Every structure is written in structure tokens, then in C-alpha cells.
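**Student:** build me a model:
(chains A and B)
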There are 2 protein chains.
Amino acid sequence: MYSLQFTAESSSDGMVERDFTVGEIPGVLWSPVSGADRAPLVLMGHGGGNHKKHQAMAGRAKLLVSGCGFHVAIIDAPGHGSRPRTAHDEQEIAVMQRAMAAGEPVGPIVVRYNAHLAEQAVPEWQATLDALQELPEIGTAGPVGYWGLNMGTAIGVPLVAADPRITAAVFGLHWPEALAEKAKQITIPIEFDLQWDDEHIPRESGLALFDAFASVEKTLHVNAGRHKELPRFEADSGARFFARHLRRTVMSPV
Amino acid sequence: MYSLQFTAESSSDGMVERDFTVGEIPGVLWSPVSGADRAPLVLMGHGGGNHKKHQAMAGRAKLLVSGCGFHVAIIDAPGHGSRPRTAHDEQEIAVMQRAMAAGEPVGPIVVRYNAHLAEQAVPEWQATLDALQELPEIGTAGPVGYWGLNMGTAIGVPLVAADPRITAAVFGLHWPEALAEKAKQITIPIEFDLQWDDEHIPRESGLALFDAFASVEKTLHVNAGRHKELPRFEADSGARFFARHLRRTVMSPV
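**Tutor:** Down below sits the predicted model:
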């Protein structure tokens, strides 16, 4: 088991930002400035082509950290952010870009490539969560959430299916082909985002993935608009979802 | 044009409740205790078999009045609450109850009966809104919302299609057969609720009605559960939706 090494620390706007590594995996942990009190943790998965400190990640983290007093951790996915790309990564990205440029469907390529990345990312997330739970301000008793759309869903669905420590999750914007069987194993509360006019993901595909979750409590938020037009108020909604589900659990004092 | 007559007034829990009539139509107006300042108005339509002061109505009114400082008005639908039932009402209700008891589909009966009620209810709502806008604390300059599920959607969709004073609406839990053509005329922001395991309304039917709205901004909230199991947090969501859309409009001071 790898332990967590902090490599940089700064703070601004009510959040402490600590870069870390777990083995070779680079990550960032955002926490309330007020500090050392044990608080729930939300893991966030970034989208394809993005990285752990993309502004969408920092924006959602602020809602959870400043708004809810939670910790938020993100790691760079394989081949993303500050991590090296393999020859296989380069090849898949080139195939995807050619399909985009030719106006051909990217779904089958994204599904295949993201499933490949998830095979590596799931054990990386589990090792990271092991290490994060060694920190006194997180611990093993507190609830853990997961929030990831796009590629964050492709990695998050198999992660949540595999790891019972995660008790609430926000997913969305992905295809069912590689994920529906894993989703059928998931029973925790889910919020799922889908774009009604998504130029990449057919409506029936998005609805089929939502339908696959075995959760008794699951909510689907559909908005008019294209793939990248998810309204900003869905970030507020995601934060409220975690506030509702993670605060329920009684936290033991440090 | 009928003017509005107040017939009773009470207050509790931060809300002033005033019963009123507009001609033969009985209604209730809930307002902030703080008073006479002009504020946005939300019209609420109750569900089939219910009435203007059903607890679901009072609960949503509290969110809008105490939480947002809005006025909320509800009238009894034809044949509902303190209004007389016609022989036709009695007959349709009996047909519906027989279908329920026999486990037969109630959709076609509800669609037909609600469309019949809406023909009478739409001009009643418009006369009521005319009269409400004569009140100094409401006026004609302020924004107006509409919130109605079930039968409240069957009446609200044709109302909103007919009345340009209404600028944001929450609908849900109905069939498209009598409503989709009207929905295609509606372009204001919409939030729409649908139950994923509704024993009366097939998924495709609910999705088809959501799809019909011409609104650029429309959001669908789907929750796991049967027809009557809409989660309570959707009431909070509806109130936030109106806070977002009705507060945008600059109100002129009284």
C-alpha cells in the first residue's frame, strides 16, 4: 500500500489546496480552511481530455468545500493531466480526433478507450482512497461520495460497483455499452445528468444507462441542450445531493 | 370582469392566508406577513380529487411565500374542493373508479376528463389572474409563474399556452395525448417531473410530453418510484426554479 505524500500547499477563497501523490498517481485535495475536523469526502473524476484542476473541478470543489465543509479529492486519470501518454493513448486519441473531424460517431471509440482507462483507474482510485483515509481529517468512519461525468462516469461506475465505501454518486453523460452491467450492481443513491440534444449520446442510450442502476433512490436530470451545454445549476444540484446524503451519516469526532 | 372579494383572513407560520372569490370561483391567496411590498406571483394548480388547500399545496406555498417572499394563489378546479360536481363529473369519476378497481388503464379516462375540466378552468384562471393583478401588492408589472402536477398540468399547459403573462412553469405527471400540441406552443422555461416507475403513465408518454415543449430552457426530473412517490425534495427544487426565474425580472416599487 502506498501512503500519501503532500507535495505543495496553498490556500485561497476559503479552500486549502494540497497537491499530493500516491505512488505515481498525482492528485489534489481541497479542504475547508477551518481545518482539522473530520468531514465527509467526495472523490471527483474529471472528463476526457481534462485534468484534476480543470476549472469545472475547482468550481464543483468550491461548492462542496466552502458550501458543505467537505473534503474533495481528484486524481489525474491515466494519460491525463501531468501523467504520461502511452503509444496506445496517442493512437486512440488520434482515432477519436479523425472521427470528430470527419463527422463520424465517436461513441464506440470513447466507450472502448474509456473502458480501457477505467481498468487502470479503478485500482488507482482504491489505492488513493486507502491513503486518503489514513489522514486524520478524513478517517475510515466518514461517508464517501463520487462525482464524475463523461469519462468520470466511465471510471466511476466500475469504481462504485467495486468499492462499498462510496455511498452516494453523481454520474452522467455516457453510453451504456460498457457500463450497464456494472450499473446493475449499484444500489446507492444516484443523481444522473443527461443532455436532451446531445450530439454524441443518443437519448435512448443515456436513458438506458440511468435505467440500469439498481438504486432505490435515483434521480435523472435531463436538460435541453447539447453535450457540453449542461447548465451550471446542475453543479449546485450535485452539491445539494451530497449535502443530503453524506451529512446523514453520523460522524465520529476526531 | 369579476373583481376579487376576500372572504376570510388568517395568518400562521409566517404566511397570511386569505380566502377569496372571483365570481363563483373560490380561491386562496397566501402572502408574506411582512406585507404590502409588490412581489412575484405563483399560480398553483392542485391535483385531481384534491382542492386548493390540500397539504401538498400549503407545503409548496410555504416554500414560495416564506422562502422566496412570493405570493401564491390557488383556485378550486371545476368539480373540486368547495365547488359542486355536475352529473358529468359524477359519471366520469365513477368510470375512473371502476377502471381502478378492475386494474384497467385509467390514462384514457383521466386524459379525457381533465381535458374537459381544462376547457372551463383556463378562462377561470385568466379571470382570476386579471383580478389578482388589480391588487396593489401584485400588480401587472411583476412576473407570474405556474406550478401544477397531475391535473394541475392538464389545466396548466393550455393555460400557459394561452396566457403570455406566465413566464416560468413547473409541470409533470401527465400524458401527452391532449397536451402535446399545446406544449409545442410553449417557449418559457419549464421544469417537468416524471416518475420512472409510474404505474399509470408509461415512460415514453411522460418523455413525449417533456419533449413537446418548445422551450430553449427545459429540465426534466425523473425519479425512481411510482406515481404518487414523487420525492419531497422536488418541491424544494420547484421553489428554487421559481426563485431563479421570477426574481430575474426587475420589480417596480409600489
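**Student:** so which residues of the stretch 51-200 of chain A form helices?
**Tutor:** A:55-68, A:87-102, A:107-132, A:151-162, A:180-183 (DSSP state H, counting those that start in this stretch).
**Student:** tell me the helices and strands packed up against the shortest one.
**Tutor:** Okay, so that is helix A:180-183. Based on contacts counted as 3 or more CB pairs under 8 Å, 6 or more residues apart in numbering or on different chains; DSSP states H and E, the elements that helix A:180-183 packs against are helix A:151-162, helix A:203-212. C-beta coordinates here come from the backbone N, C-alpha and C atoms, glycine included.
**Student:** which one, of those, ends up nearest to chain B?
**Tutor:** helix A:203-212 (7.3 Å; CB to the nearest CB).
**Student:** and the closest one, what's buried?
**Tutor:** Under the neighbour-count criterion of 16 or more other CB atoms under 10 Å in any protein chain shown, helix A:203-212 has A:S205, A:G206, A:L207, A:A208, A:L209, A:F210, A:D211, A:A212 buried.
**Student:** go on, stretch A:225-240?
**Tutor:** The neighbour-count check on stretch A:225-240 (16+ other CB under 10 Å) flags A:G225, A:L230, A:P231, A:E234, A:A235, A:S237, A:G238, A:A239, A:R240 as buried.
**Student:** chain B contacts on chain A?
**Tutor:** For chain A, the residues in contact with chain B (CB under 8 Å from any CB of the partner chain) are A:196, A:207, A:210-211, A:215-224, A:231, A:233, A:237, A:244.
**Student:** could you redo the last one with a cut-off of 6 Å?
**Tutor:** Taking CB under 6 Å from any CB of the partner chain as the criterion, chain A approaches chain B at residues A:K218, A:T219, A:L220, A:V222, A:N223, A:A224.
**Student:** highest neighbour count among those?
**Tutor:** Each of those was scored for neighbours by other CB atoms under 10 Å in any protein chain shown, and A:V222 scores highest at 26 neighbours.
**Student:** look up the residues forming beta bridges with the closest residue to A:P231 other than its chain neighbours.
**Tutor:** Ranked by CB to CB, 6 or more residues apart in numbering or on different chains and with sequence neighbours excluded, the top spatial neighbour of A:P231 is A:N223, at 5.4 Å. Per DSSP bridges, the residues bridged to A:N223 are A:Q195, B:T219.
**Student:** does A:N223 touch B:T219 like I think?
**Tutor:** Yes: proximity of A:N223 to B:T219 meets the contact threshold set by CB atoms under 6 Å, at 5.1 Å.
**Student:** residues contacting A:A118?
**Tutor:** Contact analysis of A:A118 by CB atoms under 6 Å, 6 or more residues apart in numbering or on different chains lists A:A154, A:I155, A:P158.
**Student:** likewise for A:L63?
**Tutor:** Contacts here follow CB under 6 Å, 6+ apart; on that basis A:L63 touches A:A239.
**Student:** and for the residue lying closest to A:G23 once chain neighbours are set aside, the neighbour number?
**Tutor:** Leaving aside its sequence neighbours, A:G23 sits nearest to A:Y2 (CB to CB, 6+ apart; 4.0 Å). Burial of A:Y2, expressed as a neighbour count using other CB under 10 Å, amounts to 14.
**Student:** same deal with A:D197?
**Tutor:** A:D197 is surrounded by 11 other residues when neighbours are defined as other CB under 10 Å.
**Student:** can you check A:T153 too?
**Tutor:** A:T153 is surrounded by 29 other residues when neighbours are defined as other CB under 10 Å.
**Student:** same check on the one 3 residues further on?
**Tutor:** A:G156 is flanked by 30 other residues according to other CB under 10 Å.
**Student:** got it, and A:D13?
**Tutor:** Using other CB under 10 Å, A:D13 has 10 neighbouring residues.
**Student:** just A:C68 next, same as before
**Tutor:** A total of 19 residues lie near A:C68 under the criterion other CB under 10 Å.
**Student:** now A:P202
**Tutor:** Once other CB under 10 Å is used to define contacts, A:P202 is seen to have 13 neighbours.
**Student:** ok, A:L173 next?
**Tutor:** 24.
**Student:** cool, and A:A115?
**Tutor:** Residues near A:A115, counting by other CB under 10 Å: 15.
**Student:** likewise the one 4 residues further on?
**Tutor:** By the criterion of other CB under 10 Å, A:E119 has 11 neighbours.
**Student:** residue contacts, the residue nearest to A:G23?
**Tutor:** Taking CB under 6 Å, 6+ apart as the contact definition, A:Y2 lies against A:V22, A:G23, A:A127.
**Student:** how close does it get to chain B?
**Tutor:** Computed as CB to the nearest CB, to the nearest Å, the A:Y2 to chain B distance reads 38 Å.
**Student:** any regions of chain A where pLDDT drops low?
**Tutor:** By pLDDT under 70, the weakly predicted segments of chain A are A:35-36, A:248-254.
**Student:** give me that answer again for 90
**Tutor:** Across chain A, the ranges flagged by pLDDT under 90 are A:1-2, A:12-14, A:34-38, A:141-142, A:247-254.
**Student:** returning to that earlier point: most neighbours among the contacts of A:Y2, which one?
**Tutor:** Using other CB under 10 Å as the contact criterion, the top neighbour count among those goes to A:V22, which has 22 neighbours.
**Student:** from chain B, how far out is that residue?
**Tutor:** A:V22 sits 35 Å away from chain B, going by CB to the nearest CB.
**Student:** same question, A:Q120
**Tutor:** Distance check for A:Q120 against chain B: by CB to the nearest CB, it reads 32 Å.
**Student:** give me the nearest residue to that residue, chain neighbours excluded.
**Tutor:** With CB to CB, 6+ apart, the residue lying closest to A:Q120 is A:P78, at 4.7 Å.
**Student:** surely the one you found and A:N114 touch.
**Tutor:** No: counting by CB under 6 Å, no contact exists between A:P78 and A:N114, whose distance comes to 10.6 Å.
**Student:** what about the two, which has more around it?
**Tutor:** In terms of neighbours (other CB under 10 Å), A:N114 is the more surrounded of A:P78 and A:N114; the figures are 23 against 20.
**Student:** shared neighbours, A:P78 and A:N114?
**Tutor:** Residues touching both A:P78 and A:N114 (CB under 6 Å, 6+ apart): none.
**Student:** was I right about A:R18 contacting A:E9?
**Tutor:** Yes: contact status for A:R18 versus A:E9: in contact at 4.9 Å, counting by CB under 6 Å.
**Student:** what number of residues lie near A:V216?
**Tutor:** The criterion is other CB under 10 Å. On that basis, A:V216 has 11 neighbouring residues.
**Student:** no further questions, thank you.
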